[in-house]
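Colleague: give me the fold of what follows.
(2 chains)
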Amino acid sequence: MGHDHDHGHDHGHDHGHDAQDAISFRVRALEKLMVDKGLVDPATLDAVVETYEHRVGPRNGAQVVARAWTDPEYRAWLMKDATSAIASLGYTGRQGEHMIAVENSPAVHNMVVCTLCSCYPWSVLGLPPTWYKSAPYRSRAVSDPRGVLSEFGVSLDEKVEVRIWDSTAELRYLVIPEQPAGTEGWDAERLAALVTRDSMIGVAKVSAPA
Amino acid sequence: MNGGQDLGGVQGFGPVVQEPGEPLFHAEWEKGAFSLTLALGFLGRWNIDMSRFYRENRSPAEYYTSSYYTLWFKALEKLVVDRGLVTEEERRTGKPAGACDTSLTPPGPQRARELLALGTSAAVNETIPPKFSVGQRVRVKNLHPAGHTRMPRYCRGRTGTVEIDHGVYVFPDTHAMGEGKRPQHCYNVRFTAGELWGRPGPDTVRIDLWDDYLEPA
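Modeller: Next up is the predicted model:
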């Protein structure tokens, strides 16, 4: 018998060691079969994991945002043709083939979701966090965005338009947050360090260091 | 399909829970499920729309009680058989039955990194006239396809405004079912929160929708 235990939260795991052991066994079995059939190179599996653990992540997106904040020409290009503008910084590829940048302003707050699965701009943000893929976020981001935002500690004036982008196609949306007051004149490198992943999904604002 | 995956507006799931430390993978098998899915995808026997359909095409009860990478893996186990990479017997026993298929050459690690950096474009380089134009009012058709679709049910029958014409893209509904790319325009359509949820205020939802989902309003 398994000894299922209560983690006291719900973040999309299969709870229970039996279930974990069973799927772990199945994954290893399929992997071995595919290697034995010559259909997978084991080194490729490691390279795929390594790419998203160490090479592709939200630091990419932060560079894009910081460049947009410091270079008006780049910002204009980004808003017109985000795919090319982002590619010019070296960020291309899977789940970032067709990019659109959406910018926050005092009147508009953008927020990105994929209600149907988990579409997310990998090339600039890496793999999505578990909450982004979870039923609570996917169900409520479109119908109760202000409630979701409040759970992330963001409260917006009722006059601000919350603009939700449901990623139903192969277009991937990157939020360009507002540059925080007090950081005028900072260089891009210093600004990039302030830009969080959540601010580029649209569930946070960027704040200046206290 | 009106399946478990179609989550927009569903109620009762509670608050969004953020994980401490936010591990990218929670166990070794999640790394395996993820990397095996991408690596086998490189062989070109299926497309991303098929993958999505294989993940969602199950009872909502199972969808909601399976973790993210469990769904990925269950889809993969079925895809490798249905799309002819291995037989069901091989998958079940884990033992190769016949000779290796030498027509398929899996990429090595360097080539895999290149392929990830290249991605796969869903845009179609064909001149196809758009059925709608930016600024036009459109209504989402009352469609209930049993197969894959990227039309969320919360916008079905609702009226919005075309914001962006993205150009010509693969149509996922046919692509997922092995019925071809059926290239057509894909648009971003703006809906007010009032239209979708009966809620006054300035909020809007922007949804990417294809020609075949829309009619003039």
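
Colleague: how much space separates the closest residue to residue B:144 other than its chain neighbours from chain A?
Modeller: Distances taken as Cβ to Cβ, 6 or more residues apart in numbering or on different chains place residue B:2 nearest to residue B:144, at 6.2 Å, with adjacent residues excluded. In this view, the C-beta of every residue, glycine as well, is placed from N, C-alpha and C. Using Cβ to the nearest Cβ, to the nearest Å, residue B:2 is found at 12 Å from chain A.

Colleague: swap in residue B:167?
Modeller: For residue B:167, the distance to chain A - Cβ to the nearest Cβ - is 9 Å.

Colleague: what of residue B:118?
Modeller: 6 Å.

Colleague: can you pull the pLDDT of that residue?
Modeller: Per-residue pLDDT puts residue B:118 at 95.

Colleague: now do the contacts for it.
Modeller: Taking Cβ atoms under 8 Å, 6 or more residues apart in numbering or on different chains, we find residue B:118 in contact with A:92, A:93, A:94.

Colleague: helix/strand/coil for residue B:167?
Modeller: Residue B:167 carries the three-state label strand when classified by DSSP: H, G, I helix; E, B strand; the rest coil.

Colleague: what's the burial count for residue B:216?
Modeller: Neighbours of residue B:216 under the rule other Cβ atoms under 10 Å in any protein chain shown: 9.

Colleague: leaving out chain neighbours, which residue sits closest to it?
Modeller: Closest to residue B:216 by Cβ to Cβ, 6+ apart is residue B:138, at 6.4 Å.

Colleague: phi first, then psi, for that neighbour.
Modeller: The phi and psi values for residue B:138, taken as degrees, to the nearest 10, are phi -130, psi 150.

Colleague: residues contacting it?
Modeller: By Cβ under 8 Å, 6+ apart, residue B:138 lies in contact with B:132, B:159, B:160, B:161, B:162, B:187, B:189, B:209, B:214, B:215, B:216, B:217.

Colleague: from residue A:131, how far out is residue A:103?
Modeller: The gap separating residue A:103 from residue A:131 is 24 Å, by Cβ to Cβ, to the nearest Å.

Colleague: the more surrounded of these two?
Modeller: Of the pair residue A:103 and residue A:131, residue A:131 is the one with more neighbours under other Cβ under 10 Å, namely 23 against 16.

Colleague: list the contacts of the more buried one.
Modeller: Neighbouring residues of residue A:131 by Cβ under 8 Å, 6+ apart: A:11, A:137, B:16, B:17, B:18, B:19.

Colleague: which pair in these has the greatest spatial separation?
Modeller: The largest separation in the contacts of residue A:131, counting by Cβ to Cβ, is between A:137 and B:19 at 12.4 Å.

Colleague: what does stretch B:2-11 contact?
Modeller: With contact meaning Cβ under 8 Å, 6+ apart, stretch B:2-11 is reached by A:115-117, A:135, A:138-139, A:142-143, A:166, B:52, B:55-64, B:144, B:152-155, B:196-197.

Colleague: residue B:1 reaches residue B:54, doesn't it?
Modeller: No: Residue B:1 is beyond contact range of residue B:54, at 11.9 Å (criterion: Cβ atoms under 8 Å).
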